[in-house]
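Undergrad: Predicted structure and sequence below. I'll ask about it afterward.
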Amino acid sequence: MLQTEVQDVIQAEAKRDPRITRTRRLLQNALTELLSEKNFPDITVGDIADRATVNRATFYAHFEDKYALLKYMAQERFESALSAKIERAPGFTLANLRLLAVTAYEFLGGFMGHCAPSGPPSSNDHEAIFAMHIQTCIYEIVLAWIRALPPHKRVESPEVIAKVTSWVIFGFGFQANETRQPKRLPPETLADQMLPVLTAGIGALLA
């Protein structure tokens, strides 16, 4: 229910042929294992295919390259984690935004570890790439929630609101999980600190 249009297509394909789900799971697991052994730029499609016990043609039947696999892995795992928290049909509510933020902060804290980039995300840093895909997931989810609002609550620029909201949620968590932070706060605490800023904005400061 939280999938983007691309994930909807993927799920539909998987339902028709469970082998798609199995193969993609093998490829995800293979990449996860390889990332614990070497840097992402050093991993080849051949390495992933060999570890997953499939051939390169099978890999390319599912993903354009290793970056596409990394993106799929980030989105699939994040949206699965969020779906486990939100049981009812989602909506653009404060409670759901909090659950979205908590899920994002748990996710970021789980994979950034002690290797978080100290500067701007690098195209060669798989953790930074992975993190940026999480921001995209947040944006797409928030945008879907806004577009599903009843007619009397709809806004003229849902994309702008979704973009700002997603960057506030993501940026707050990304900064908090950097290794330069002396102590990491629980995801729930981070969400509770972020939400008042997001909902109130900076209007009062500009008066």
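TA: On my side now, so go ahead. Residues are numbered from 1 along each chain as shown.

Undergrad: Do you have the strands of the protein handy? List them.
TA: Counting by DSSP state E, the chain has no strands at all.

Undergrad: Spell out for me which residue occupies the centre of the protein.
TA: In the chain, the centroid-proximal residue (Cα atoms, centre = their mean) is residue 134; its distance is 2.3 Å.

Undergrad: the bottom helix or strand of the protein by mean pLDDT?
TA: Taking mean pLDDT, DSSP states H and E as the measure, the chain has helix 5-16 as its least confident helix or strand, at a mean of 52.

Undergrad: quick one: low-confidence parts of this protein?
TA: In the predicted model, the chain carries pLDDT under 70 at residues 1-16, 88-89, 111-125, 178-182, 202-207.

Undergrad: Show the residue spans covered by the helices in it.
TA: Taking DSSP state H, the helices of the chain run over residues 5-16, 18-35, 45-51, 56-62, 66-85, 94-112, 126-147, 158-176, 187-200, 203-206.

Undergrad: So residue 47 sits against residue 37, correct?
TA: No. At 9.4 Å, residue 47 does not count as touching residue 37 under the criterion of Cβ atoms under 8 Å. Using the backbone N, CA and C atoms, a C-beta is placed for each residue, glycine as well.

Undergrad: Any figure for the gap between residue 92 and residue 25?
TA: 32 Å (Cβ to Cβ, to the nearest Å).

Undergrad: Over to residue 188?
TA: Counting by Cβ to Cβ - residue 188 and residue 25 are separated by 30 Å.

Undergrad: now do residue 64
TA: Relative to residue 25, and taking Cβ to Cβ, residue 64 is found at 18 Å.

Undergrad: Can I get stretch 101-112 in PDB, CA atoms only?
TA: Provided in PDB are the C-alpha atoms of stretch 101-112 (Å, rounded to 0.1, in the frame of the first residue of the first chain):
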ATOM      1  CA  ALA A 101      10.400   9.600  10.800                       C
ATOM      2  CA  VAL A 102      11.000   6.900  13.400                       C
ATOM      3  CA  THR A 103      11.400   4.300  10.600                       C
ATOM      4  CA  ALA A 104      13.800   6.500   8.700                       C
ATOM      5  CA  TYR A 105      15.900   7.200  11.800                       C
ATOM      6  CA  GLU A 106      16.000   3.500  12.700                       C
ATOM      7  CA  PHE A 107      17.100   2.700   9.100                       C
ATOM      8  CA  LEU A 108      19.700   5.400   9.000                       C
ATOM      9  CA  GLY A 109      21.100   4.500  12.400                       C
ATOM     10  CA  GLY A 110      21.200   0.800  11.400                       C
ATOM     11  CA  PHE A 111      23.300   1.100   8.300                       C
ATOM     12  CA  MET A 112      25.400   4.200   8.700                       C
END
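
Undergrad: So for that stretch, what gets flagged as buried?
TA: Neighbour-count burial for stretch 101-112, with 16 or more other Cβ atoms under 10 Å as criterion, is recorded at 101-109, 111-112.

Undergrad: ok now it, how far from the chain's centre?
TA: On the basis of Cα atoms, centre = their mean, to the nearest Å, stretch 101-112 sits 9 Å off its chain's mean C-alpha point.

Undergrad: Great, nothing more from me.
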